[in-house]
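Novice: pasting the sequence and the predicted coordinates here, then a few questions.
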Amino acid sequence: MTKFADSKYVKALCDITFRSYDHGWDERNGGNVSLRLTAAELAEFDDLTEVKRTYDLGFDASELAGQYFLVTGSGRYFRNVIKRPELDSGLVKITADGSQAELYWGFEDGAKPTSEFPTHLMSHIARLKVDPNQRVVMHCHPTNFIALSFTQALDERKLSRLLWQMQAESLVVFPEGVGIIPYMTPGTNEIGAKTAAKMTDYRVVMWPHHGIFAVGADLDETFGLIETVEKAALIYSQIMAQGGQIKQRITDDQLKELAQAFGVEANPKFLA
Ligand SMILES: [Zn+2]
């Protein structure tokens, strides 16, 4: 018998949630992640035959009808997923009319998907329109990135350029830059819609004074994206801690050379 609990998907979720916690980005129940899976990928598992519960989604997710999502639970701690994935995560399927999610595995002690699930699903919908390989939405609280939302203008061009200038890796990993929404109350459809609208143009969206939303084709790539953004923010923090006197920096010409060398297209609105 092939069990979903033993699958590479659950193992990968356990690994990424613990790594994220270990980086200091998921205090208490901070953070949530969803991984899109297809019926074909799940066909090998024998323990996904029965709908255990259903959840109202509160918005129209019919564009994702029939898609499965392995998602972390509302109020659950990233620190614990590795020890008890069957309690703190669940595998749900979006119903044909897009109004509900059906639970096939996990959340065994009655949990439900993260309160940010609407933001996740809206972001999956938006990204799938520009990237058919879209699989993962991840939210967490990277310290230095959040700190930038206090000290810097909430200006996508300025913030993206700042992050690009902190290390050569940044432009290569997120050449489109970083999107920013205004500060909003989390857990609502409104913040979901605002975040998803940014996801058309960006894979990273700043939630000022709160955290980051990032998307990607797999868990590793999405986590790596967050790591790279946070590393750039950390370098900026260290520069300020060392007195803030910048003696030299990566020039715009050097950024353009970098983009050319790595075959990426820098957002022309940020690097003309
Ligand atoms: Zn959060």
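Specialist: Yep, it's here.

Novice: contacts and neighbour counts: CA atoms only from here.
Specialist: Noted.

Novice: how about the helices of the stretch 151-272 of the chain, start to end?
Specialist: 156-165, 168-173, 189-199, 219-241, 252-262 (DSSP state H, counting those that start in this stretch).

Novice: care to break the chain down by domain?
Specialist: Under automatic domain parsing, the residue ranges defining each domain of the chain are 1-114, 116-263.

Novice: what's the span of the first one from first residue to last?
Specialist: To tie it back to what came earlier, the one meant is domain 1-114. With CA to CA, to the nearest Å applied, domain 1-114 spans 30 Å between its terminal residues.

Novice: run the chain-centre distance for it.
Specialist: 14 Å (CA atoms, centre = their mean, to the nearest Å).

Novice: again, but for the longest one
Specialist: Mean-position distance between domain 116-263 and its chain equals 10 Å (CA atoms, centre = their mean).

Novice: may I see the domains of the chain organised as JSON lines, with mean pLDDT added?
Specialist: Below are those laid out as JSON lines (pLDDT from 0 to 100):
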{"stretch": "domain 1-114", "mean pLDDT": "97"}
{"stretch": "domain 116-263", "mean pLDDT": "98"}
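
Novice: tell me which of these lies nearest to residue 270.
Specialist: Residue 270 lies closest, by CA to CA, to one member of these: domain 116-263, at 5.2 Å.

Novice: before we move on, back to that, mind putting the domains of the chain in CSV, distance to residue 272 and mean neighbour count included?
Specialist: Below are these laid out as CSV (distance: least, CA to CA, whole Å; neighbours: other CA atoms under 10 Å):
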stretch, distance to residue 272, mean neighbour count
domain 1-114, 34, 19
domain 116-263, 9, 19
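
Novice: could I get those as TSV with distance to residue 271?
Specialist: Output for the domains of the chain, formatted as TSV (distance: least, CA to CA, whole Å):
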stretch	distance to residue 271
domain 1-114	30
domain 116-263	7
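
Novice: nearest to residue 148, out of the helices of the stretch 151-272 of the chain?
Specialist: Between the helices of the stretch 151-272 of the chain, helix 219-241 lies closest to residue 148; by CA to CA that is 7.2 Å.

Novice: so what touches the closest one?
Specialist: If you take CA atoms under 8 Å, 6 or more residues apart in numbering as the criterion, helix 219-241 is touched by 12-13, 16, 20, 35, 136-138, 142-145, 148, 163-164, 166-167, 169-170, 173-174, 204, 212, 214-216, 245-246.

Novice: cool, and stretch 95-115?
Specialist: Contacts for stretch 95-115 (CA under 8 Å, 6+ apart): 4, 32, 47-66, 71-75, 85-94, 187-188.

Novice: show me the contacts for the closest residue to residue 171 other than its chain neighbours.
Specialist: In space, and not counting its chain neighbours, residue 171 is closest to residue 164: 5.2 Å by CA to CA, 6 or more residues apart in numbering. Contact analysis of residue 164 by CA under 8 Å, 6+ apart lists 170-171, 232, 255.

Novice: measure the residue nearest to residue 169 when sequence neighbours are not counted to residue 98 for me?
Specialist: In this structure, residue 169 finds its nearest non-sequential neighbour in residue 228, 7.5 Å apart by CA to CA, 6+ apart. Separation of residue 228 from residue 98 (CA to CA): 34 Å.

Novice: try residue 46
Specialist: From residue 46 to residue 98 the distance is 25 Å (CA to CA).

Novice: would you map the strands across the stretch 1-150 of the chain?
Specialist: Secondary structure of the stretch 1-150 of the chain (DSSP state E, counting those that start in this stretch): strands located at 32-37, 53-56, 68-72, 89-94, 100-106, 136-140.

Novice: residue 158: which of the ones you listed is closest?
Specialist: Nearest of the strands of the stretch 1-150 of the chain (CA to CA): strand 136-140, 22.3 Å.
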